[in-house]
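**Q** Give me the fold of what follows.
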Amino acid sequence: MQIERYIDSILDVLSDGIYISDQNGITLKVNRAYEQLSGLRREELLGKCVTDLQKEGAFDVVLNPDIVKTRRPQTSVQITRQGAKVVLHGYPVFNAAGDVVLVVTFVRDITALSNLEEQLTYQRDLITTYHSALARESGQPALIAKSRAMTKLLDTLYHVATTDATVLLLGETGVGKDSLARKIHETSSRSSQPFFKIDCSAIPENLMESELFGYEAGAFSGANTGGKPGYIEMAHKGTLFLNEVGELPLLMQTRLLRFLQDREFMRVGSTKVRKVDVRIIAATNRDLVRAVKDGQFRSDLYYRLCVAVVTVPPLRERSDDILPLANHFLGRFNAKYRKNLSFSPEAADALQAYEWPGNVRELENLVQSLVVTTRSKDRIEGTDLPPILSLRASGLARRSLHDAVAEFEHDIIRKAFEEYGSISEVARALQVDRVTIYRKLKRSVAGRQI
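**A** As a prediction, the model looks like this:
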């Protein structure tokens, strides 16, 4: 009896509720914490079968029968009479013969944890609303950020935007680095000043210096007689976005580094030093650390750019954003093409399951193509999607990227022909020239007809 009282005292000092029953479900012991959590007194429970108590409405979840039957621990969640949300962990106790003789259930109050989760969800929704409001004020579409990864990234981005720090955006092609760069500018103190973008991979090396820094009259053959300011000069008081900065030739990297150090430069063919106030945002899909090790990118320029580094996750790592983005694009293209389409559950599931190697850009282009080519007036069905989506979603894709893209293009063009009937109309709907459509037709898989 003395030991029994000690055991009761030990159970009563525990913060978790304890409920002990035998193999037949008869209640043997409960501690004080369980009484407080459940709102039930020991006198109401001891000696009674748990299934009878459940029928009387004492509680709605009973673990004992399943634990005795399966001989394995069980877990469940329930709401008590007191309104507390509790998690139940039940464990079997065996005798020497290996038979279940007791079931011990630990009851833990998770109400506070659940409330905290709800508060965090509310805060994330509030942040998204805040970002949308800022976007409306700037006249630009809101960035879609439902996933925790993108919500956190946008929080960082809006904080960085309040400074004049150089920003380096890292991420795969198509993740939205261009949109993020514009958003930084639009929410900064420079929002009323110019924003210029220069694609470092698209400008020939022999023209890069004059495009970036400008040139004086007569600097080279074919130069404007009055000279021309470069992007750096035109972006004075504003922001210059250097897209694909990892593709800059080494000589231009040296000149850019010199400019970043003192914000001074000279036009090509001039000896006059000019000073500007411009914020630099750079972006690349390259591994700059590897490029530095390989001697393809200057380490000192890399460190100059790495004042505020923001890594944008690929779409496959933030799947919570896929359907919100798809519906956002669907709304935009519905308005553009005067349609009222929605995604069927099957189509939505396929979009959600696809890995999106082309990221947000691929998703946007696909939604536009679907709006243009879908013949239904109200829904985009799973059968309207290109085969590559259903195959990749089911894990059956085993083709090369070249074949997959060819299949995708063929399917889009075929559907467009069904809708519009002529090459001219198809080209207009898909926003490409007729030559491109002819070329795609010639490259179609042998034996297949549009």
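
**Q** Going by C-alpha atoms from here, please, whenever you check contacts or count neighbours.
**A** Will do.

**Q** Where does residue 424 sit: helix, strand or coil?
**A** Classification of residue 424 by DSSP: H, G, I helix; E, B strand; the rest coil places it in helix.

**Q** Retrieve the pLDDT associated with the closest residue to it other than its chain neighbours.
**A** Once flanking residues are discounted, residue 424 sits nearest to residue 434: 6.2 Å by Cα to Cα, 6 or more residues apart in numbering. You'll see residue 434 listed with a pLDDT of 74.

**Q** next one: residue 204
**A** 86.

**Q** same thing with the one 3 residues further on?
**A** In this model, residue 207 is scored at 86, pLDDT.

**Q** ok, now residue 253?
**A** 94.

**Q** And it, how far from residue 24?
**A** Counting by Cα to Cα, to the nearest Å, the gap from residue 253 to residue 24 is 79 Å.

**Q** Show me which of those two is the more surrounded one.
**A** residue 253 (20 against 16; other Cα atoms under 10 Å).

**Q** Quick check: what element follows the helix or strand of the chain with the lowest mean pLDDT along the chain?
**A** Scoring the helices and strands of the chain by mean pLDDT, DSSP states H and E places helix 111-138 at the bottom, with a mean of 56. Going down the chain from helix 111-138, the next helix or strand is helix 148-161, by DSSP states H and E.

**Q** elements contacting that next one?
**A** Helix 148-161 sits against helix 111-138, helix 177-186, strand 308-311, with contacts defined as 3 or more Cα pairs under 8 Å, 6 or more residues apart in numbering; DSSP states H and E.

**Q** from the middle of its chain, how far away would it be?
**A** Its chain's C-alpha centre and that of helix 148-161 lie 12 Å apart, by Cα atoms, centre = their mean, to the nearest Å.

**Q** Now the next helix or strand after that helix: average pLDDT?
**A** Downstream of helix 148-161, the next assigned helix or strand under DSSP H and E is strand 167-170. Averaged over strand 167-170, pLDDT sits at 96.

**Q** Touching strand 167-170 from outside, list them.
**A** The contact list for strand 167-170 (Cα atoms under 8 Å, 6 or more residues apart in numbering) reads 177, 181, 280-286, 305-312.

**Q** Can I get the buried ones among those residues as something I can paste into PyMOL?
**A** Those of these that count as buried under 16 or more other Cα atoms under 10 Å are selected in PyMOL with:
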select buried, resi 177+181+280+281+282+283+284+285+286+305+306+309+310+312
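
**Q** In the stretch 351-450 of the chain, mark out all the strands, start to finish.
**A** For the stretch 351-450 of the chain, strands defined by DSSP state E, counting those that start in this stretch occupy the ranges 379-380.

**Q** Any stretches of the stretch 151-300 of the chain with poor pLDDT?
**A** Across the stretch 151-300 of the chain, the ranges flagged by pLDDT under 70 are 218-226.

**Q** Which residue ranges of it form strands?
**A** 167-170, 195-199, 214-215, 228-229, 239-243, 264-265, 274-275, 279-284.

**Q** now for these, which one comes closest to residue 98?
**A** Closest to residue 98 of those, according to Cα to Cα: strand 167-170, at 58.9 Å.

**Q** Could I get the buried residue list for that closest one?
**A** For strand 167-170, by 16+ other Cα under 10 Å, it's 167, 168, 169, 170.

**Q** With distance to residue 327 added, can I get these in JSON lines?
**A** Shown next, in JSON lines, are the buried residues of strand 167-170 (distance: Cα to Cα, whole Å):
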{"residue": "167", "distance to residue 327": "30"}
{"residue": "168", "distance to residue 327": "29"}
{"residue": "169", "distance to residue 327": "26"}
{"residue": "170", "distance to residue 327": "26"}
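
**Q** Just give me the closest of those to residue 351.
**A** Looking across the buried residues of strand 167-170 and measuring by Cα to Cα, the closest to residue 351 is residue 170, at 24.8 Å.

**Q** quick one: that closest one from residue 283, how far?
**A** Applying Cα to Cα to residue 170 and residue 283 gives a distance of 6 Å.

**Q** okay, and the common contacts of the two?
**A** Shared contacts of residue 170 and residue 283 (Cα under 8 Å, 6+ apart): residue 177.
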